[in-house]
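**Q** based on what follows, work out the 3D shape:
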Amino acid sequence: MLIAMILAYFRLRGRLSLPGIVMMMPLLVFPMNCCVNAQQSPDALPGIDNTPAVMEGFTRFEATPAKASKKLPKDLRETSALIWFRGAWWTLNDSGGKPEVYRLSKSGNRIEQVVALSGVENNDWEDLATDGTWLYVGDFGNNGGKRTNLAVYKVAWINIPNEGNVTLKPQVIRFAWADQADLHPKAYRHNFDCEAMFCAGGSVWLWTKNWNNLNSRLYELPAQTGSYNLKPVYEFDANLRVTGADYDTNRRILALVGYIDFLPSVWLFTNFHPKIPADGGRIRIDMTSMAGTQAEGICFGDNGQLWFSAEKTKVRPQMIYQLNVNTFVRPNL
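**A** Below is the predicted model:
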């Protein structure tokens, strides 16, 4: 486990190549005098594995999340989104899945309600978001980088009953990346995939999943039906493939989740406003003990709860995990 955590640290912090990892193996097996320089907090916070380190303009924690659900249903092996609304988790499957959104039971192991969208396909659904009035479904997964039919679908919550399945025809918001010049890039070698969105200020906000440079760009998408060419408003070195987002409007905290080499991490942006996204502080929560986890969706709950979902992998089942934001961001007193 120690060797795995050291390898994970260097992969996350330094993007060490696989050949470099092989060359480092003797050093890991026969350790020499070495250390990681970081400013340490004098007191460890409860619920995390070690003290935080202030590094490169952000604070880094190492944490192990708790299981928030039982294993999700077999039909949700590729769960790719997560929101909390009406006192329940809602999720969906990504590419190849049915054009449906699912409300889960309290334990997460059953589908309690199905919202089917008519007249559209699940090309590559990747995230959900809500502003309290509308439910937004992001059909913008773009692993190949060649899609020209990127869209966000929206349906009104007032048309979704509290119980029982329903089929609704969504409104469609179409868009393209104005800064993408090459529509024929190599698959998994480009920076125009997208799997994360949230709502704020009357807009839908999208974060890219950059396969090539591991950055992430932020775009503002109008919440009204139409076709739009989007220009980026912000970019940061995520050192992560971002796969989910949510925004706590009351506390102004942005949460991003993703992974690299199946090692999940969460970014928290404090005092965040999408119109001025560089303001505030940044916190990174690495979970190297969760190797083999493909983290996909993330959402805030009540009382500081932060949940993220994970697809089934060879070593881990489909599951929802939990962190407590107050462990990392002290609540306003």
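
**Q** the helices in the stretch 1-150 of the chain, which residues?
**A** 2-14, 18-29 (DSSP state H, counting those that start in this stretch).

**Q** averaging pLDDT over each of those helices, which comes out lowest?
**A** Averaging pLDDT over each of the helices of the stretch 1-150 of the chain singles out helix 18-29 as the lowest, with a mean of 39.

**Q** quick one, phi/psi of Thr327?
**A** With angles defined as degrees, to the nearest 10, Thr327 sits at phi -70, psi -30.

**Q** neighbours of it, just the number please.
**A** Other residues lying near Thr327 total 16 when counted by other CB atoms under 10 Å. All C-beta atoms are positioned from the backbone trio N, CA, C, and that covers glycine.

**Q** ok, Ala187 next?
**A** 12.

**Q** which residue, other than its chain neighbours, is closest to it?
**A** For Ala187, ignoring the flanking residues on the chain, the nearest one in space by CB to CB, 6 or more residues apart in numbering is Gly144 at 4.4 Å.

**Q** burial count for the one you found?
**A** For Gly144, using other CB under 10 Å, the count is 16.

**Q** what does Val114 give?
**A** Count around Val114 with other CB under 10 Å applied: 14.

**Q** I figured it hits Leu104, correct?
**A** No. Contact criterion CB atoms under 8 Å: Val114 and Leu104 do not qualify, at 11.1 Å.

**Q** Tyr219: what secondary structure?
**A** Judged by DSSP: H, G, I helix; E, B strand; the rest coil, the three-state class of Tyr219 is strand.

**Q** for the stretch 201-333 of the chain, give me the ranges with low pLDDT.
**A** 331-333 (pLDDT under 70).

**Q** helices of that one, residue ranges please.
**A** With DSSP H, counting those that start in this stretch as the criterion, the stretch 201-333 of the chain has helices at 325-328.

**Q** name the nearest residue to Asn109, sequence neighbours excluded.
**A** Per CB to CB, 6+ apart, closest to Asn109 is Lys70, 4.0 Å.

**Q** just give me the neighbour total for the one you found.
**A** Other residues close to Lys70 by other CB under 10 Å number 15.

**Q** ok, it to Ala278 distance?
**A** 40 Å (CB to CB, to the nearest Å).

**Q** if you count neighbours, what's buried in stretch 102-110?
**A** Buried residues in stretch 102-110, defined by neighbour count with 16 or more other CB atoms under 10 Å: Tyr102, Arg103, Leu104, Gly108.

**Q** no no, stretch 293-306
**A** Quick answer for stretch 293-306 (16+ other CB under 10 Å): Thr293, Gln294, Ala295, Glu296, Gly297, Ile298, Cys299, Phe300, Gly301, Gly304, Leu306.
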